[in-house]
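Enquirer: Give me coordinates for this.
(2 chains)
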Amino acid sequence: MSPKTLYDKIWDAHLVHEAEDGTSLIYIDRHLVHEVTSPQAFEGLRMTGRTVRAPQRTIAVPDHNVPTTLDRAKGIENPESRIQVEALDKNAADFGIHYYPVSDIRQGIVHIVGPEQGWTLPGMTVVCGDSHTATHGAFGALAHGIGTSEVEHVLATQTLIQRKAKNMKVEITGKLAPGVTAKDITLSVIGKTGTAGGTGYVIEYCGEAIRSLSMEGRMTVCNMAIEGGARAGLIAPDETTFAYCMGRPHAPKGAQWEAALAWWKTLYSDDDAHWDKVVTLKGEDIAPVVTWGTSPEDVLPITANIPAPEDFSGGKADAAKRSLEYMGLTAGTPLSEVEIDTVFIGSCTNGRIEDLRAAAEILKGKKIKEGLRAMIVPGSGLVRAQAEEEGLADIFIEAGFEWRLAGCSMCLAMNPDQLSPGERCAATSNRNFEGRQGRGGRTHLMSPAMAAAAAVTGRLTDVREMM
Amino acid sequence: MEKFTKISGIAAPMPMINIDTDMIIPKQFLKTIKRSGLGVNLFDEMRYDDDGNEIPDFVLNKPAYRDAEILVAGDNFGCGSSREHAPWAIKDFGIRCVIAPSFADIFYNNCFKNGILPIALPQEQVDILMNEANKGANARIEVDLEAQTVSTSDGEVIRFEIDAFKKHCLLEGLDDIGLTMEKAPAIDMFETQASAARPWV
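Expert: Numbering: from 1, shown residues only, chains lettered A, B, ... in the order given. Model (predicted):
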């Protein structure tokens, strides 16, 4: 048998049909659904008299629109947001799919709820009408975002029409230095390969630095595969993965667990597997980073200065000029002198318990800079409950942070959590696009520890100075 | 789905690289539960000022390009989120074809589900078409899917590549859910085999 990558193995295990030209039909094990990209798909089913083929494999949760303020039980004020969430309530009931409504403590960001509840397991195919579905690749699952037409296709047929992607290996060798986290890895990779570097590929992240990460850290790395252009990022499952999955509500038990484990242990890339592209970074070379521009590839170590458009060539020079104008930054300024107005800690990239622990570690016994707006939005109701139990919430509140309920919140600002024009934010989310967090808002992406450090000083800050 | 065979129309130049889906259709317009009506908000934050007035410099606000049917853009068009609202907005505006050196995967795929033809061409050829588009309303570009060609009014003919299955679906306006449902026996068989091999899934 010819050697295979992890991606090849999962692909082969889910291939329903392959046409001569390579157009393939792939079976989908888990379909995650949220309120923004699904209403038109359910409507399509109704109009054609189709049903959901495998409701037991379909899991829905509202996250993008939901308010995160403590009074959200009184309902959603914005009528359009309310209608979208109500539509999901109705669609989940009408089509008999698993559902975590806003009132459920398990509600949260779909990419945090799936793994937390044990829906996401190694070797699965997972899709969702959301590009950050890549997150689930941390389990060695083939997981990627799809459009609404494909959501409808999966609802109706439990399959997806695909062509196989190419294989790309991203190896992070060695150990990370203190203060360097999974977020710094994933941003640094994008800084190196660019936002289109992974287009057409499925990335497998490997190497000692990846192996040393917790599941939370691995999810952060895979989450941003899409910002590097790859629809999916993968990490081969190992003991860390199995330990995380064991005992989750929807993970297998008893003899089924043993059978699953036996298969999961075969899920790795063979030594002599073929890679179409290989990128290697030394873990020791990765520094705490921030973004300075309006593309996730605009990444620099916190110790660097803001670049000038002339530092780039081709279309990127024009893009950098536009970015600097939009961001209100001057070339040559040290990044650590950039003052911020707001701090946002949360999102499917960094809204898990480990992220909150990292922020709390920095914030313990400190206060945020006076006048700063700062919020922490846990990724799920269960993350929130755990953070409260561990005493993290008290640290945040005493430091001056708002302690919110779970949702996507200011990552994409579909709910009332938004930036105003010109407002500059240290954010642990995944996109720094123009207008992403609110029209005219200025986003700097970074790790939770770096965002916490910025909250204390009121400017972009090297977290290593506070450790 | 609306068929795509051949169009001849005005091409609007947008040479920026990394035009992302948040630019194409900002999040405040994702709250709809319909597919239609998004064209008026296409490129909303570049197209209108804070008071909702048109920004005259923006390409689609210029008289020459208000009826553009083709967009010629920079590298990595459509990067960012999976929102199909992006192609819905493009189509609703009246644009049926986007030409760029490269596209983000999910956006590229979403176009085909909506009767939009995304064409990836080498930078030099995009540059030729960008120059053509810069000439304004007098320079019409013809796109012929069957022949896989883009032609300028000067008679320059550029050939493009496209996946045969995607081309077929677009030419015929096929609903791929219907096509897949014809394979129901294969899906049934897969489910039986998979539930024996991996009963925990």
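Enquirer: Tell me where the stretch 101-250 of chain A has helices.
Expert: According to DSSP state H, counting those that start in this stretch, the stretch 101-250 of chain A carries its helices in the segments A:110-116, A:148-157, A:182-193, A:208-211, A:215-223, A:239-245.
Enquirer: Just the buried positions in the shortest one, please.
Expert: If I follow you right, that is helix A:208-211. A:209-210 (16 or more other Cβ atoms under 10 Å in any protein chain shown). Where you see a C-beta, it was placed from the backbone N, CA and C, and this is true even at glycine.
Enquirer: helices or strands next to that helix in the packing?
Expert: Under the contact criterion of 3 or more Cβ pairs under 8 Å, 6 or more residues apart in numbering or on different chains; DSSP states H and E, helix A:208-211 touches strand A:166-173.
Enquirer: So which bits of the stretch 301-450 of chain A are right by chain B?
Expert: A:315-316, A:318-319, A:322, A:412-414, A:421, A:431, A:433-436, A:439 (Cβ under 8 Å from any Cβ of the partner chain).
Enquirer: could you redo the last one with a cut-off of 10 Å?
Expert: A:314-316, A:318-319, A:322-323, A:408, A:411-415, A:418, A:421, A:430-431, A:433-440 (Cβ under 10 Å from any Cβ of the partner chain).
Enquirer: Now, of those residues, which are buried?
Expert: Among these, those classed as buried by neighbour count (16+ other Cβ under 10 Å) are A:315-316, A:319, A:322-323, A:408, A:411-415, A:418, A:430-431, A:433-440.
Enquirer: Among those, which are located in helices?
Expert: Restricting those to those inside helices, with DSSP state H as the criterion, leaves A:315-316, A:319, A:322-323.
Enquirer: Which residue, other than its chain neighbours, is closest to residue B:168?
Expert: Nearest-residue entry for residue B:168: residue B:174, 7.2 Å, with adjacent residues in sequence omitted and distances by Cβ to Cβ, 6 or more residues apart in numbering or on different chains.
Enquirer: wait, I meant residue A:268
Expert: The spatial neighbour of residue A:268 that comes closest, neighbours along the chain excluded (Cβ to Cβ, 6+ apart), is residue A:236 at 4.3 Å.
Enquirer: try residue B:139
Expert: Once flanking residues are discounted, residue B:139 sits nearest to residue B:132: 4.9 Å by Cβ to Cβ, 6+ apart.
Enquirer: Run through the neighbouring helices and strands of the helix or strand containing that neighbour.
Expert: Following DSSP states H and E, one finds residue B:132 within helix B:123-134. Counting contacts by 3 or more Cβ pairs under 10 Å, 6 or more residues apart in numbering or on different chains; DSSP states H and E, helix B:123-134 is packed against strand B:6-14, strand B:70-73, strand B:97-100, strand B:117-120, strand B:140-144, strand B:149-151, strand B:157-159.
Enquirer: how about 6 Å then?
Expert: Helices and strands in packing contact with helix B:123-134 are listed as strand B:6-14, strand B:70-73; criterion 3 or more Cβ pairs under 6 Å, 6 or more residues apart in numbering or on different chains; DSSP states H and E.
Enquirer: so which of those strands is the most packed in?
Expert: Burial among the helices and strands packed on helix B:123-134, expressed as mean neighbours by mean count of other Cβ atoms under 10 Å in any protein chain shown, is greatest for strand B:70-73, which shows a mean of 26.
Enquirer: what's the neighbour count on the residue nearest to residue B:79 when sequence neighbours are not counted?
Expert: Among residues not flanking residue B:79 along the chain, residue B:104 sits closest, at 4.1 Å (Cβ to Cβ, 6+ apart). Using other Cβ atoms under 10 Å in any protein chain shown, residue B:104 has 29 neighbouring residues.
Enquirer: cool, residue A:249 as well?
Expert: The burial metric for residue A:249, expressed as a neighbour count using other Cβ under 10 Å, is 9.
Enquirer: residues contacting it?
Expert: If a contact means Cβ atoms under 6 Å, 6 or more residues apart in numbering or on different chains, then residue A:249 has A:117-118 as its contacts.
Enquirer: near chain A, which residues of chain B?
Expert: Of all the residues in chain B, those in contact range of chain A (Cβ under 6 Å from any Cβ of the partner chain) are B:17-18, B:20, B:22, B:26-27, B:30-31, B:33, B:35, B:45, B:74, B:76, B:79, B:81-82, B:84, B:102, B:105-106, B:110, B:113, B:164-165, B:176-177, B:180, B:183, B:186-187, B:190, B:200-201.
Enquirer: Restricted to strands, list the residues you listed.
Expert: When DSSP state E is applied, those are split such that none fall in strands.
Enquirer: Now, of those residues, which are buried?
Expert: A residue is treated as buried here by neighbour count (16+ other Cβ under 10 Å); on that basis the buried members of these are B:17-18, B:20, B:22, B:26-27, B:30-31, B:33, B:35, B:45, B:74, B:76, B:79, B:81-82, B:84, B:102, B:105-106, B:110, B:113, B:165, B:176-177, B:180, B:183, B:187, B:190, B:200-201.
Enquirer: Which of the residues you listed fall in helices?
Expert: Secondary structure assignment by DSSP H places B:22, B:45, B:105-106, B:110, B:165, B:176-177, B:180, B:187, B:190 of those in helices.
Enquirer: The longest helix belonging to chain A vs helix A:148-157, what angle?
Expert: Counting residues, the longest helix in chain A under DSSP H turns out to be helix A:79-95. Relative orientation of helix A:79-95 and helix A:148-157, computed by axes from the mean of the first three to the mean of the last three Cα atoms, to 10 degrees: 20 degrees.
Enquirer: could you say what helices and strands the next helix or strand after helix A:79-95 packs with?
Expert: Tracing the chain past helix A:79-95, the next element assigned as helix or strand by DSSP H and E is strand A:98-99. The contact analysis (3+ Cβ pairs under 6 Å, 6+ apart) places strand A:98-99 against no helix or strand.
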